[in-house]
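*Asks:* Structure, please.
(2 chains)
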Amino acid sequence: GAVVSQHPSRVICKSGTSVKIECRSLDFQATTMFWYRQFPKQSLMLMATSNEGSKATYEQGVEKDKFLINHASLTLSTLTVTSAHPEDSSFYICSARGTGGLYNEQFFGPGTRLTVL
Amino acid sequence: DAKTTQPPSMDCAEGRAANLPCNHSTISGNEYVYWYRQIHSQGPQYIIHGLKNNETNEMASLIITEDRKSSTLILPHATLRDTAVYYCIVRGKKTGNQFYFGTGTSLTVIP
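*Replies:* Below is the predicted model of the structure:
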């Protein structure tokens, strides 16, 4: 149990276009989801915390107008990279925190590789 | 927020125990120590977590010092598939119950 999926796993887009990445908790309800970005040979960097039904909280230095996050249901959060540029190319990973007995756990998705040409 | 310090890399012979240290000298009393690992180009995988007592599960053991300022993750019989980056993370109210990843330890299991 406690599986988190991401779609797509890989995406290539042209500079200036927008890309949407989905994060789903498959077998549990996630009131909170998190979005991370990871550049090659670096650690994961927390971008934002997403709570179902409310606005996301962004970490310092992360542009909220560029990285739009929507957490419309207890099983789905989306990250939209708007007007993508080559420097946005990265590995984007989401995670989800459950409720009740799963509150202390955080389950990670497999990641989405974004390449902006 | 409490920060962790880990050696950047370690090697371990296949079949031997891998002992990965982590320093978290500024940890607070209600903060947990979590260990995750990340195999190349995959999402992090949960290994184990603890507060004060030593913990063991099917993957690993976690040894936390009495003063809680450091911990050691033990993989009892390392296999080649254990080659990964291992992250020690402190999580609690001071971190907003969020996970902030440090640089981790790149473990290479050698045949």
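
*Asks:* Might you enumerate the residues of chain A proximal to chain B?
*Replies:* By the criterion of CB under 8 Å from any CB of the partner chain, the positions of chain A lying close to chain B are A:4, A:6, A:34, A:36, A:43-46, A:49, A:91, A:93, A:95, A:97, A:104-111, A:113. For glycine as for every other residue, the C-beta is placed from the backbone atoms N, C-alpha and C.

*Asks:* Find the residue closest to the residue in chain B that chain A sits nearest to in space, skipping its chain neighbours.
*Replies:* Closest residue of chain B to chain A, CB to the nearest CB: residue B:43 (3.9 Å). Residue nearest to residue B:43 in three dimensions, not counting chain neighbours: residue A:108, with 3.9 Å by CB to CB, 6 or more residues apart in numbering or on different chains.

*Asks:* The one you found - how many residues pack around it?
*Replies:* Burial of residue A:108 is recorded as 23 neighbouring residues (other CB atoms under 10 Å in any protein chain shown).

*Asks:* Could you tell me which of the residues of chain A next to chain B count as buried?
*Replies:* A:4, A:6, A:34, A:36, A:44-46, A:49, A:91, A:93, A:95, A:97, A:106-109, A:111 (16 or more other CB atoms under 10 Å in any protein chain shown).

*Asks:* right, and the residue nearest to residue B:43 touches residue B:45 too?
*Replies:* Yes: using CB atoms under 8 Å, residue A:108 makes contact with residue B:45 at a distance of 7.3 Å.

*Asks:* sorry, back to before: who does the residue nearest to residue B:43 bridge with?
*Replies:* residue A:95 (DSSP bridges).

*Asks:* Quick check: it vs residue A:36, distance?
*Replies:* According to CB to CB, to the nearest Å, residue A:108 stands 8 Å off from residue A:36.

*Asks:* shared neighbours of the two, anything?
*Replies:* Contact with both residue A:108 and residue A:36 is made by residues A:93, A:94, A:95, according to CB atoms under 8 Å, 6 or more residues apart in numbering or on different chains.

*Asks:* can you list the residues of chain B near chain A?
*Replies:* B:32, B:36, B:38, B:41-46, B:49, B:87, B:96-104.

*Asks:* Selection in PyMOL covering whichever of these are buried, please.
*Replies:* Of the residues of chain B next to chain A, the buried ones go into a single PyMOL selection, burial set by 16+ other CB under 10 Å:
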select buried, chain B and resi 32+36+38+43+44+46+49+87+97+98+99+100+101+102+104
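
*Asks:* which ones are touching residue 106?
*Replies:* Unless you meant another one, I'm taking chain A. Applying CB under 8 Å, 6+ apart to residue A:106 gives the contacts A:34, A:95, A:96, A:97, B:46, B:99.

*Asks:* my bad, chain B
*Replies:* Taking CB under 8 Å, 6+ apart, one finds B:8, B:9, B:10, B:84, B:85, B:86 in contact with residue B:106.
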